[in-house]
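A.B. asks: Any chance you can model this:
(chains A, B, C and D)
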2 protein chains.
Amino acid sequence: MTADVPQSTRPVTLEDVARVAGVSRATVSRVINGATTVDPALRQVVEQAIAATHYVPNRAARSLVTRRTDSIALVVSEQEQRSVATPFIGRMFTDPYFGRVVGGLLDVLRPAGVQMMLMLVDDEVSRGQLLSYLRQGHVDGVVLVSAHGADPLPQMITETRLPAVHAGRRAQLTGVTYVEVDQRAGVQLAADHLVGLGRRRIGTVTGPQDMPAAQERLDGFLGAMARHGIDDVACVEGDFTHAGGAAAMKQLLAGRPGLDGVFVASDLMALGALPVLAREGRRVPQDVAVVGFDDSNAALACDPPLTTVRQPVEEMSSEMARLLLRQINEPGLRPPSVIFHPALVVRESA
Amino acid sequence: MTADVPQSTRPVTLEDVARVAGVSRATVSRVINGATTVDPALRQVVEQAIAATHYVPNRAARSLVTRRTDSIALVVSEQEQRSVATPFIGRMFTDPYFGRVVGGLLDVLRPAGVQMMLMLVDDEVSRGQLLSYLRQGHVDGVVLVSAHGADPLPQMITETRLPAVHAGRRAQLTGVTYVEVDQRAGVQLAADHLVGLGRRRIGTVTGPQDMPAAQERLDGFLGAMARHGIDDVACVEGDFTHAGGAAAMKQLLAGRPGLDGVFVASDLMALGALPVLAREGRRVPQDVAVVGFDDSNAALACDPPLTTVRQPVEEMSSEMARLLLRQINEPGLRPPSVIFHPALVVRESA
DNA sequence: GTGAAAGCGCTAACAC
DNA sequence: GTGTTAGCGCTTTCAC
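C.D. replies: The predicted structure is shown next:
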């Protein structure tokens, strides 16, 4: 048992380690930061002293001088939606998409020793607080997930000059690096597949049309269908939730009972839509072929398993993390945006 | 237009503000920290100087002296589960439960100006990194969400002496404040309701039996049923996922075709279970009554809407945040744990 | 290769 | 009430 560990409550500092090791603070600092210009023998002594004292560096002190925090912010921006019915915040947090994003980010950030702050912006006040926080320099960069179209936040974050990466192509407008899946190519795959199956009486459950990604999926799908000579696609707007998908499907079927093919703009909505079709006596895929979008877990939970457009969310967010770290490590660099290619995953629903 | 804003790249410091305002750093500091002992006239001058210089305090410098960071860690601890099939991390992050927790925490933390770091622990290495991080004093406290039973992390976090609150009653063992719903009371409600409906041929889809909460739900449910004189409850273990609920329900029905009442230990699993019952020709609730647990959004997305045991996750996590902030503000205080009472929400499935 | 010393930006005694 | 002063714990020139 190493005995020279003071039982005092005062935290161990560099100074303490230096004293135990019999060297200067500077040398200990060098060892900790992996400088190569340290005598191997001394290095060993220092390392032992660090172990013996259970020293851990104080990040605040380090940040103060390095001006780095080794942490980034994951900013989720959504429209204010609190009401008496749903007093709590963060609709996005319960969306499986969010979980995939977090997983993909952490996959890259953790090995890099970079921490992630989770911040929600859903009104004027929180937007102001966020910007102030960012300007305080407590994060080295930001990943922005913004769902809605009219969001002023991307622009404002750009103006902080902090390294940033946006999820979604809207960032084009602000000149910030972004990562996105090629939505139009994705819906084209869905359209081609449905038409290839001989389906002609087509409907679609869309995402909320105030979200650019949802707009693009609808627009792209209609365009693709038009190129196949199909102009009368029935559309109902969903809200990217399970229940919303069910409601939209119900409405779609009511307006267009003869439907034989449906594109649902997210797997989660498809998960809600399928039971509706079953209840209304439609066999999937025999009577109605259904194609989803995302290839999330939900696609496998569907019955039958969902044919869907794969959006590699985890890979995309890992890439966001990499792009951000690169910007942080090479100030001034503005890495090119990355567009991922979707793929059709054919299962049983279409 | 205020003209005395230097266009230099050097960040504005307290010193700068003091110079512009013609006062000392200390006075500026007092104004910023809302000290009452400042002459109103001076205060105004200082505030103008702050505005004119666009000053934002440097948190690292502040933390260095106050030893506070105004941030806490949300630590998610889960078993290592990566594989070739699922290379990405964070199963928990895609669970709607997690989203509700985040929402509830943020609801309290944001108004308090406290930031939240999101940290995942899923193996030995990340556990070590977390503890080291915590000891570096970069957070003022930790909220721990630990799913599994054999987790050494709660104990280890306790040993850091950092203010902490645990989600779930396992924290009893470590003496740390916890917030939990009364699982046994909840499942009792479910059992009573099923029996009250005249159901006697009972089955249950359980959560993973390595999770204490899931164990308690099963154990409590069986106990309650036994008190009603029903000893032959059919049990199948699920995994708290949608697909897992479907699979478990299939198995349950295969083993016990005559079933007339089912308790499913989470709404998400119930969401998967209901379509299975429908496909197998069982009407809900006429043939089989189904009761869930959680009262999450999933309960409303169910068809028919799910009768379920309400677990007020958002309120519970808001309370966790409050308890944590209290500990942080009053060092040494160990606030009593809080147990929330569940309620039965009767909808159409039972 | 190593140490001495300056200072990062802030708060908190302590004088006045 | 306000200013002066002494650090908080660390990195980083700059001598040696």
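
A.B. asks: Find the nearest non-adjacent residue to the residue nearest the centre of chain A, please.
C.D. replies: Central residue of chain A (CA atoms, centre = their mean): A:Val101, 3.1 Å from the mean position. Leaving out its chain neighbours, the residue that sits closest to A:Val101 by CB to CB, 6 or more residues apart in numbering or on different chains is A:Ser317, at 4.5 Å. For the C-beta atoms, the positions are set from N, CA and C on the backbone; glycine is no exception.

A.B. asks: could you list every residue that touches that neighbour?
C.D. replies: Applying CB atoms under 8 Å, 6 or more residues apart in numbering or on different chains to A:Ser317 gives the contacts A:100-105, A:143, A:167, A:179.

A.B. asks: Show me which of these is closest to B:Arg161.
C.D. replies: Within the contacts of A:Ser317, the smallest distance to B:Arg161 is 28.6 Å, found for A:Val102 (CB to CB).

A.B. asks: what's the burial count for the residue of chain A found nearest DNA strand C?
C.D. replies: Nearest residue of chain A to DNA strand C: A:Asp39, at 2.9 Å (CB to the nearest atom of the strand). Residues lying near A:Asp39 (other CB atoms under 10 Å in any protein chain shown) number 11.

A.B. asks: Let me know the distance separating it from chain B.
C.D. replies: Distance from A:Asp39 to chain B, counting by CB to the nearest CB, to the nearest Å: 26 Å.

A.B. asks: Need the phi and psi values for that residue.
C.D. replies: Here is the backbone geometry of A:Asp39 (degrees, to the nearest 10): phi -60, psi 130.

A.B. asks: Please name the residues that touch A:Asp151.
C.D. replies: Contact analysis of A:Asp151 by CB under 8 Å, 6+ apart lists A:77, A:170.

A.B. asks: if we go to 7 Å?
C.D. replies: Counting by CB atoms under 7 Å, 6 or more residues apart in numbering or on different chains, A:Asp151 makes contact with A:Ser77.

A.B. asks: and it, what element?
C.D. replies: For A:Asp151, there is no host helix or strand (DSSP states H and E).

A.B. asks: Quick check: the gap between it and chain B.
C.D. replies: Counting by CB to the nearest CB, the gap from A:Asp151 to chain B is 18 Å.

A.B. asks: gap between that residue and A:Val76?
C.D. replies: A:Asp151 is 11 Å from A:Val76, where distance means CB to CB, to the nearest Å.

A.B. asks: where along the stretch 51-200 of chain A do the helices fall?
C.D. replies: Per DSSP state H, counting those that start in this stretch, the stretch 51-200 of chain A carries helices over the ranges A:59-66, A:96-109, A:124-135, A:153-159, A:183-196.

A.B. asks: Kindly present those helices as TSV, with separate columns for distance to DNA strand C.
C.D. replies: Shown next, in TSV, are the helices of the stretch 51-200 of chain A (distance: least, CB to the nearest atom of the strand, whole Å):
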stretch	distance to DNA strand C
helix A:59-66	4
helix A:96-109	26
helix A:124-135	11
helix A:153-159	20
helix A:183-196	44
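
A.B. asks: Comparing the ones you listed, which stretch has the densest surroundings?
C.D. replies: helix A:96-109 (a mean of 24; mean count of other CB atoms under 10 Å in any protein chain shown).

A.B. asks: and it, what does it pack onto?
C.D. replies: strand A:115-121, helix A:313-329 (3 or more CB pairs under 7 Å, 6 or more residues apart in numbering or on different chains; DSSP states H and E).

A.B. asks: would CSV of the ones you listed with mean pLDDT and distance to DNA strand D be doable?
C.D. replies: Output for the helices and strands packed on helix A:96-109, formatted as CSV (pLDDT from 0 to 100; distance: least, CB to the nearest atom of the strand, whole Å):
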stretch, mean pLDDT, distance to DNA strand D
strand A:115-121, 95, 16
helix A:313-329, 96, 13
